[in-house]
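K.L.:
need a structure here:
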Amino acid sequence: MSATETRSDRSAILVVDDEELLREVLAENLRSDYCVETAASTAEADIQMGLMHFDLVLVDHLMPNELGLDFLIRVKEHFPQTRRILITGYLNPELITRAQNLADLSAYLIKPITAAQLKAAVIAALSH
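P.N.:
Residues are numbered from 1 along each chain as shown. Coordinates of the predicted model:
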């Protein structure tokens, strides 16, 4: 971050995943270009979204207590300007179609995700 740049000059991203290692790897891959916060659960993410504006939310689909898709549907309803990316370990065409229709996803990423795939999806999502 340059001396004249402030955190508010950078897009804010919330990374939500119950797996600490994956959550931190995703966040670290984005921190050089974005203001990144993390949450270990959708409940924690709800609190953060109430405290701060996020331009983009990346969430794992299989989370304890609530599916990532259900969380993203709620984000769409309450924060329609926030872009949404769903991450999953399973290629399920029905889920992809359902998620796209219900949550208006900017992207759908399938694990394992490379840093290049992550950055390309984030850039594309934030450019719309």
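
K.L.:
Tell me which helix or strand in this structure has the weakest average pLDDT.
P.N.:
Lowest by mean pLDDT, DSSP states H and E among the helices and strands of the chain is helix 93-103, with a mean of 87.

K.L.:
got the contact list for that one?
P.N.:
Contact with helix 93-103 is made by 61, 69, 72-73, 75-76, 84, 86, 88, 105, 108, as judged by CB atoms under 8 Å, 6 or more residues apart in numbering. Where C-beta positions appear, they are placed from N, C-alpha and C, glycine not excepted.

K.L.:
would TSV of those with pLDDT and secondary structure be doable?
P.N.:
As requested, the contacts of helix 93-103 are exported to TSV (pLDDT from 0 to 100; DSSP: H, G, I helix; E, B strand; the rest coil):
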residue	pLDDT	secondary structure
61	94	coil
69	95	helix
72	97	helix
73	96	helix
75	97	helix
76	97	helix
84	98	strand
86	96	strand
88	91	strand
105	95	coil
108	93	strand
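
K.L.:
Is it possible to mark the buried ones in these?
P.N.:
61, 69, 72-73, 75-76, 84, 86, 88, 105, 108 (16 or more other CB atoms under 10 Å).

K.L.:
Many thanks, we can stop here.
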